[in-house]
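> generate a structure from the sequence data that follows.
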Amino acid sequence: MQPALVRGRAVSRRASRSGDSRYPRTARVNALLQEVVADQLERLTDSQPGLSLLTVTGVDCEPGLRHAVVYFDSLPDTAAAFLAEVRPRLQAAIAAEVRLKRTPMLRFEPDPAVEAARRVESALRRAARHPPAE
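Residues are numbered from 1 along each chain as shown. Reported below is the predicted structural model:
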């Protein structure tokens, strides 16, 4: 059996039927959930101007679609309480807009990569102010 060509690359017939095997299902679901949650939060934060600086930085969904962690970054500290309050609305929006076997239970966590980037940036600024002596 000859391999099929997908975007100039040879892949097995099975992979070409089920979609592009280089972009796994969970990654596609994560991107879709991030888009839906971000759109819904944009609509919800219009009524609360203090939360307009809320950003969804990523989503990590389990392969079984039962749970998903939504990573966010926000300047106000009230963002976590706001997200916990609107979680049922966000899950309802996911159920309405996305065709999935299950709607994952959302959990919100501050993005650890953003905090790590802030620490690195702070260290770089300190190093620029105080260059090492030669």
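
> and the helix or strand harbouring residue 125, what does it pack onto?
Applying DSSP states H and E as the criterion places residue 125 in helix 112-129. Of the remaining helices and strands, those touching helix 112-129 by 3 or more CB pairs under 8 Å, 6 or more residues apart in numbering; DSSP states H and E are strand 67-73. In short, each C-beta sits where N, CA and C put it, glycine included.

> how far does the strand it packs on sit from the chain's center?
Offset of strand 67-73 from its chain centre (CA atoms, centre = their mean, to the nearest Å): 6 Å.

> contacts for stretch 40-60 next, please.
30-31, 33-34, 37-38, 68-76, 78-79, 82-83, 86, 89-90, 93, 111, 113-114 (CB atoms under 8 Å, 6 or more residues apart in numbering).

> out of those, which are buried?
Among these, the ones that count as buried by 16 or more other CB atoms under 10 Å are 30, 33-34, 37-38, 68, 70-74, 79, 82-83, 86, 90, 93, 111.
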